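[1] following is a predicted model, sequence given first.
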Amino acid sequence: MTSDPLPQAKENADVQVEDVGDSNIAEKGYDNHLPYVEYDKKETRRILWKIDWRLVPFLSVLYLMSFLDRSNIGNAKIAGMEKDLNLTGHQYNIALTVFFIPYALLEVPSNIILKMMRPSQWIAIMLFAWGIVMTLMGLVTTYEGLVVARFFLGVGEAGFFPAAAYLLTIWYKRYEVQRRMAVLYCACTFSGAFSGLLAFALAKMDGIGGLAGWKWIFIIEGLLPIVLSVLVYFYLPDSPATAKFLTQAERDFIVNRLVYETGSGAGKVSHDEKIRWLHIKDAFLDWKNWAGMVIYLGVSVGVYGFVATVPTVVRDLGYTAAHAQLMTVPIYVVAMLVALTTAFWSDHAQQRTPFIAGAFSIAAIGFIGQLAIPHTRLTGLTYFFLFLIAIGLYSPFVCIVCLVGNNLAPSSKRAVGMALVITVGNLGGIAGSNIFIASEAPRYPTGFGVCLAIVCCSIGMSLVVRYLLKKENTRRDAFMAGKTEEEVRREFGDDEERLIHMGDKSPFYRYTL
């Protein structure tokens, strides 16, 4: 035992301090060999709640703004934009699609920049940029202007979600992060409901200042992220090691519990840790990331097509445009509640793939229902199947992101890998924006049929990933059977730095299934 390595912690709580010698945190930027500190459960919950209240609600509001600004074009369409700009169905789909080109391609570079500068600075820049673009979108008068604005909106928003998801993984242990990420993502789900309500209200501003109601949707929803960008710069904590709202003892505790979780330094969260070419290369070559992309396509193709189309689907059931806006709200509220419940259950079970496959199965039932029923005669049943689709598409998203993040180390590889999966997955947004063909309304057989095929592929891939990761865990268990930790380390030359940079390839690392 050390004499008194953390006196401040001992004053604040009951702690156990174990001297572990040269531990896994000997890495540039945080090279003091801290002792392992274990708070009692009550004190641990207090510290985590302190972090939760500072981090999760704030990131959730920011993500709500992000998803609101990319998806409000669906509300603007039925509020008069389509008529005022003389848009054809094909032109509207192009306006949807062009957003995803920079949005997908710039996510990996954005997360690399995130590792090079303070996250609060980079995220503030992104918010300010897309807020300006969204506000100016309210002034467009032509189809060409709308397309240009949507392109630059994709540039501004590209890096936000990968950055937010990565930030959560450097604050929480592997089976704590999904419930927090679910709250963040539920802001996206809630944005569907909130967008309908806000669009309903803003459309009433039609004629004010000589502007149409749909223009006010863009302008008001663009000013909000501009204001929030200032708050991000001063309020968002960059990492546990530099968080001023925590005491020194609390900072040490959060850093240590992540470092010691996997035995490979995978939880290392130093702000000064530099991204390495080796980690970028590993992220691109890791099969788990490519499998994650296939699984994620089930969400991205379906969600982006669904969000842009569901107001029109509901309107075509016989409702007015204003009533259709309100009718979308319950769909997203139910999906949000189910996604939250799924996340808590997944963390508790310490499993990801069963919940991914199960949720996609629900979505598949919804798509089959939409393809099979006559919409005009069974409007209630059509509306019900929209609930199943929303539940089945929104619930697995966080599971997928956490499955990828839980199984990548060290943190530089995780930052690039998570962005890579989200990047390629978001290319599905291009497909999702074009498969719901206006001339096929209200049945949309192409759109619902393609979505059904893709979620079935995602179900199959999630089961393959589970099988392969379980097989690798079993192999590592067999390798370490009958050996002490010291014996295993000697087989690697007692090279702690080597074990750290092996990341998820370390014999001490176990994959999340």
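    Okay, I see it. Numbers count the residues shown, from 1 in each chain.
[2] from now on I want contacts and neighbour counts done on CA atoms only, so please keep to that.
    Noted.
[3] identify the residues contacting residue 92.
    residue 82 (C-alpha atoms under 8 Å, 6 or more residues apart in numbering).
[4] mind checking which helix or strand it is in?
    helix 89-98 (DSSP states H and E).
[5] now that helix: mean pLDDT?
    The average of the pLDDT scores along helix 89-98 is 86.
[6] export the very next helix or strand once past that helix as CSV, just CAs?
    The first helix or strand that comes after helix 89-98 along the chain, using DSSP H and E, is helix 100-105. Extracted C-alpha coordinates of helix 100-105, given in CSV (Å, rounded to 0.1, in the frame of the first residue of the first chain):
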residue,chain,number,x,y,z
PHE,A,100,-24.6,13.1,-47.6
ILE,A,101,-21.6,13.4,-49.9
PRO,A,102,-19.5,15.8,-47.7
TYR,A,103,-21.2,14.5,-44.6
ALA,A,104,-19.9,11.0,-45.2
LEU,A,105,-16.5,11.8,-46.7
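[7] what packs against helix 100-105?
    Contact analysis of helix 100-105 by 3 or more C-alpha pairs under 8 Å, 6 or more residues apart in numbering; DSSP states H and E lists helix 143-157, helix 411-426, helix 428-432 as its packing neighbours.
[8] for residue 459, which of the ones you listed is the nearest?
    Residue 459 lies closest, by C-alpha to C-alpha, to one member of the helices and strands packed on helix 100-105: helix 411-426, at 15.0 Å.
[9] from the contact counts, what lies against the closest one?
    When contacts are defined as 3+ C-alpha pairs under 8 Å, 6+ apart, helix 411-426 packs onto helix 100-105, helix 107-116, helix 160-169, helix 277-285, helix 287-315, helix 379-406.
[10] list the contacts of that helix.
    Counting by C-alpha under 8 Å, 6+ apart, helix 411-426 makes contact with 100, 103-108, 111-112, 115, 162-163, 166, 170, 266-269, 274-276, 279-280, 282-284, 289-290, 292-294, 296-297, 300-301, 401, 404-405, 408, all of which sit outside it.
[11] now the helices and strands packed on helix 100-105 as JSON lines including mean neighbour count, distance to residue 326 and mean pLDDT?
    What follows is the helices and strands packed on helix 100-105, written out as JSON lines (neighbours: other C-alpha atoms under 10 Å; distance: least, C-alpha to C-alpha, whole Å; pLDDT from 0 to 100):
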{"stretch": "helix 143-157", "mean neighbour count": "22", "distance to residue 326": "25", "mean pLDDT": "94"}
{"stretch": "helix 411-426", "mean neighbour count": "27", "distance to residue 326": "27", "mean pLDDT": "82"}
{"stretch": "helix 428-432", "mean neighbour count": "25", "distance to residue 326": "23", "mean pLDDT": "78"}
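[12] so which of those helices is nearest residue 306?
    Of all the helices and strands packed on helix 100-105, helix 428-432 sits nearest to residue 306, with 7.7 Å by C-alpha to C-alpha.
[13] and residue 507, helix, strand or coil?
    What DSSP: H, G, I helix; E, B strand; the rest coil gives for residue 507 is coil.
[14] any idea of the pLDDT on the nearest residue to it once chain neighbours are set aside?
    Leaving out its chain neighbours, the residue that sits closest to residue 507 by C-alpha to C-alpha, 6 or more residues apart in numbering is residue 476, at 6.0 Å. pLDDT for residue 476: 89.
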